[in-house]
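Colleague: How does the following fold in three dimensions:
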Amino acid sequence: MKSFLLALTGLWLGLTGGPGLAAGKWVATPYAPAKVVFEFYLDDPQKISNALYWVRSLMNPLQAEPYGYASEDLKIVVVIHGTEVVTVARHNEAKYKEAVDRMRYYADLGVSFKVCGQAAEDFGYAVADFQDFIEVVPNAITELAHWQQQGYALITPYILDKRFDIESIR
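Modeller: Numbering: from 1, shown residues only. Next up is the predicted model:
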């Protein structure tokens with residue numbers, strides 16, 4: 001009976017995080033400067049702000065210590081070809097000002113923003129309709145393949161609608 005109670009207590013401590021469990025540890029992975037192509041293909045143009053956090057989430061840790069890479073060390077391309085194409089049309093600048101300002105900031109740091117020419121055409125846009133930091137390319141899929149063939153990692157932000165606040169699910 002005593003061994004059964006000891007085993008049950010051990011199981012309870014293991015399930016509740018009680019004494020005897022090792023704590024997590026911090027590991028500074030030896031990251032190299034990034035070569036990344038982001039694919040933005042969003043079902044709602046408002047989600048571009050969340051997708052841009054993915055760019056920030058790549059850049060900020062690499063620019064901070066212990067890595068300390070300069071923005072010119074990072075090679076980052078963003079290919080836009082979903083509903084978010086409208087966010088970089090000049091006539092929509094006021095509507096998407098926060099996102100446009102962030103993209104312009106990243107562009108000034110060396111991030112390349114490219115819009116799919118076929119998607120632009122579908123939306124009725126010409127090259128002159130886009131912000132000055134935008135490059136229009138023939139096709140998003142071909143562009144994504146090109147950058148991957150150059151050794152760039154593909155990251156496709158998956159933007160979910162937030163249903164829970166952190167405190168309620170901790």
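Colleague: how much space between the residue sitting nearest the centre point of the chain and Tyr158?
Modeller: Centroid check for the chain by CA atoms, centre = their mean gives Trp54 as the closest residue, at 1.9 Å. Using CB to CB, to the nearest Å, Trp54 is found at 9 Å from Tyr158. (C-beta placed from N, C-alpha, C; glycine too.)
Colleague: could you list every residue that touches Pro61?
Modeller: By CB atoms under 8 Å, 6 or more residues apart in numbering, the residues touching Pro61 are Tyr31, Tyr67.
Colleague: what about it, is that helix, strand or coil?
Modeller: Following DSSP: H, G, I helix; E, B strand; the rest coil, the label given to Pro61 is helix.
Colleague: what do you get for Ile159?
Modeller: Using three-state DSSP, the structure places Ile159 in coil.
Colleague: Please verify my assumption that it contacts Lys47.
Modeller: Yes - Ile159 is within contact range of Lys47, at 4.4 Å (criterion: CB atoms under 8 Å).
Colleague: So which of those two has more stuff around it?
Modeller: Comparing Ile159 with Lys47 by neighbour count (other CB atoms under 10 Å), the higher total belongs to Lys47, at 20 against 17.
Colleague: I'd say that one and Thr87 touch.
Modeller: No - with contacts counted by CB under 8 Å, Lys47 stays clear of Thr87, the gap being 9.7 Å.
Colleague: Could you pull out the buried residues of the helix or strand that contains Glu98?
Modeller: Using DSSP states H and E, Glu98 maps to helix 97-108. Neighbour counts over helix 97-108 (16 or more other CB atoms under 10 Å) mark Ala99, Val100, Arg102, Met103, Arg104, Tyr106, Ala107 as buried.
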